[in-house]
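Asks: I would like to see how this sequence folds:
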Amino acid sequence: MTPSTHALYRRSPIYLALGVALSIAAPVHAQDVANNGNTAVSGPSAVDNTNTDDTTSSKNAKTLAGMQVTANTAVSAIAPTQGSTIATQPQSIIGSKFIQENIPPTGDYTDVAAIAPSVYTVTPNGAGLMEAAVVSIRGFQDGQYNVTFDGIPWMDSNDFTHHSTSYFTNQETSSVVVDRGPGTASTLGNATFGGTIGVESINPKDQFNINPYISFGSWDTAVEGARIDTGKFTSSGTSAVINLQNGESDGYLTYAGQRRQSVFAKVVQPLGENTTLTFAAMWNKLNQYVPFGATKAQIAQYGINYALNNDPTSQAYYRYNEDKINTNMAYIGLHSEFSGWTIDNKTYTYGYNHFGFNGEDPNGETPNGTAYSLTDVPGQHMRNTNRSWGDIFRLGKEIGPGELRTGVWYDHQDDIRWLYEFDDTLNELNPVVNPGASTLQLASADRRMNDSLVTIQPFVEYQWNITDNAYFVGGVKYNNFKRSIDAPVNQKTGTPLTYSKDWNATLPSAAFHYAFSSNWTAYAQWAKGYLAPNLNLLYVPNPAVSDSAVAPEKTTNIQLGTTWSSDRLTLSGDIYKINFNNFVQSHKVGGISEFYNGGGVHYKGIELEGTYMLGAGFSVYANGSLNRAMQTTDGAWNANTPHKTAALGFIYNNGPIYASLVDKFVGKTYYTANAEDDTPIGGYAVTNFAASYTFDPHITDVKDFKIGVQINNLFNNTTINALAGTTGGAGTPLYFTIPARNFNFTVSADLF
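Replies: Here you go, the predicted structure:
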């Protein structure tokens, strides 16, 4: 192991937790054996456990929110992505079969979503080994769309972005749904603007089982863990699942190591025949050294994977550039259906605690020097911690020829943010921001802020079942959100600010769905999407100046689509047109920044995806998109929007053998690095291979034994694929390259 990770990986407390969990689980297994494996159940399970892969893509499934049903056919069980037979907007459902077989054990939801049409992701350090640098859906960037876990929207309230490595792992994920549109009125979240990536967690299985797994791979990567299912261990049908996991890697980029530990648990308790109570919780600990990209000169001098170094006199020294992040999430959910009523409620909380450290300019254009010495290394230390508390209540009632649905989402997030200049050589505050301040802290502070965001979203919609084959959904959602800030040192201005502001938006939607037959459906949608203003709107001396000139950013979406599913073919396609207006921009008046609404972007395109079973275990998969996103002010191509995307894959799935060869192509993308450099990134393709074999060892208490291998970037394409930003000195563009060919080898077993 290189020095970049050795300092992090000395202890692994997850092994202690694993031992405790095994000791708890063993008596449960003993109870099952005493009952000959038959446990009395006085009500239905909350989940359909007939599918041991926990996937929504191989059985009929419906959420109260209304979206996600796939056909129960042979092809749906192996399709990498597929459309929904009831959705009223474009949707790609990615089930656990694809996740388990094709995504590296270190990966996260962004690596899963990358296969979908119109989705473009950049993971420069290898799958899940740093936060994704780019996750684009039709050109909408992270912060312009929702990400949900089990239907709960989560985000950093300052700009609605997400930390992809800080919550659920792949082993804790049953499916990922890429929803390309604002949805109906019941679709909740602060950024329905560009769609939703919905991540669903694993569900308990009916039978007791322990599934340990271990994986080794390139760059000294190792993942160890175990999934434990209790089975139904009470007379009422109580069941639970827990996943314990430890992962570590040096990463593809130099001195960019990562260690990650995660625990996830879910308990499902039936309450009679019609009601289910669910409790779920996760905890994640992440330590990683953070690269910022490299200039073309650095790539030419040090290699395509250059990031950080091992020189304590350099601002790029890996120990000066580190993240320490702890996260947690928990919810209690109640679902009940009776006499035409449906009630669903989730009360939740999640927290994010991040200590970050970085050199002042790791790419070398800012010379050393602090208030103490001209040779000391300047850096920055920051903290960002937030806590959300919220509740989602949904109520449905069959009324007349359809169903009336209503509900409300409430979320309150408090955030603490500070950033200080530091002398990394002396490990002392560096008083260069405001040398005349009364305290060393104030003299070194770039920002010291407390802020909050309160969101209240009530909605009402009605699904009118016109005929047995057609229904119409119309509704409206009202959004009220309030930002408050109390900053002794406000970001950007460096001056104190205490301020609060309310915004609101009314968002109607309408959709029509028609079933030509049991396996062919179509839809048409018109809907308003929106994006709440970012916290940076308040990074000015007097935010009130911009108040009258800024409204929430909105989209008007028009989409048409169709889905076909039979025993051998699943096929979906759609066309879309989106007008984005109220684009928030800033300019300076008398040297003071002011924000205003100006211009927007016109999006339009076509998307296709499908899987066809050729026979004898062989299938072919393909998807593609043609995307266009033009800014209305000057006709320029919108940044981070590929002209096209495509995927082609061949899959063999027969008995104990699974193998796939999948290629994803991303077309030319433009990035505006600075005023003089509009940088095109040429189109590129990455091909991945995966294979596994499941043995039946006929050993007591061992059901099966599975080995798998994944070879990522099979043809070793290492070209530049993204702009990472610019240097802090001269504003030189920074780039990321595609990680070189790498592999993962995984062994797992079902012990009972």
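Asks: what number of residues lie near Ala515?
Replies: By the other C-beta atoms under 10 Å criterion, the neighbourhood of Ala515 contains 17 residues. In short, each C-beta sits where N, CA and C put it, glycine included.
Asks: Is it in a helix, a strand, or coil?
Replies: Assigned with DSSP: H, G, I helix; E, B strand; the rest coil, Ala515 falls in the strand class.
Asks: now swap in the one 10 residues further on and tell me
Replies: At Gln525 the chain is in strand, as set by three-state DSSP.
Asks: so how far is Ala510 from it?
Replies: Here Gln525 is placed at a distance of 7 Å from Ala510 (C-beta to C-beta, to the nearest Å).
Asks: Who has more neighbours out of those two?
Replies: Neighbours were counted for Gln525 and for Ala510 using other C-beta under 10 Å; Gln525 has more, 25 against 17.
Asks: how far out from the middle of the chain is stretch 369-377?
Replies: When distances are taken as C-alpha atoms, centre = their mean, to the nearest Å, stretch 369-377 is centred 40 Å away from the chain's centroid.
Asks: ok, residues contacting it?
Replies: Residues from elsewhere that reach stretch 369-377, judged by C-beta atoms under 8 Å, 6 or more residues apart in numbering: 312-315, 317, 320, 359-360, 368, 378, 423-426, 428, 430-432, 435.
Asks: which SS state does Val99 fall under?
Replies: No Val there; residue 99 is Ile. Relying on three-state DSSP, one would call Ile99 helix.
Asks: Pull the contacting residues for it.
Replies: 112, 170, 173-176.
Asks: Among those, which one has the most neighbours?
Replies: Among these, Val176 has the most neighbours (other C-beta under 10 Å), with 30 neighbours.
Asks: need the strands for the stretch 501-650 of the chain, in chain order.
Replies: Counting by DSSP state E, counting those that start in this stretch, the stretch 501-650 of the chain has these strands, from start to end: 520-531, 553-565, 569-581, 584-589, 592-597, 601-615, 618-631, 644-654.
Asks: quick one: contacts of stretch 455-465?
Replies: Stretch 455-465 has contacts (C-beta under 8 Å, 6+ apart) with 66, 184-186, 188, 190, 399, 401-412, 471-481, 509, 532.
Asks: Now list the buried members of those.
Replies: Buried members of the contacts of stretch 455-465, scored by 16 or more other C-beta atoms under 10 Å, are 66, 184-186, 188, 190, 403-409, 411-412, 471-477, 479, 481, 509, 532.
Asks: taking these one by one, which sit in strands?
Replies: 403-409, 411-412, 471-477, 479, 481, 509 (DSSP state E).
Asks: ok, now which ones touch Glu398?
Replies: 340-341.
Asks: Tell me the strands beside the strand or helix carrying it, with direction?
Replies: Assigned by DSSP states H and E, Glu398 belongs to strand 378-399. Partner strands and pairing direction for strand 378-399 (DSSP bridges) are strand 341-359 (antiparallel), strand 402-423 (antiparallel).
Asks: a markdown table please, covering those and showing mean pLDDT and distance to Ser166.
Replies: Converted to a markdown table, these look like this (pLDDT from 0 to 100; distance: least, C-beta to C-beta, whole Å):
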| stretch | mean pLDDT | distance to Ser166 |
| --- | --- | --- |
| strand 341-359 | 96 | 7 |
| strand 402-423 | 97 | 15 |
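Asks: In JSON lines: the ones you listed, plus distance to Met449.
Replies: Formatted as JSON lines, the strands paired with strand 378-399 follow (distance: least, C-beta to C-beta, whole Å):
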{"stretch": "strand 341-359", "distance to Met449": "14"}
{"stretch": "strand 402-423", "distance to Met449": "5"}
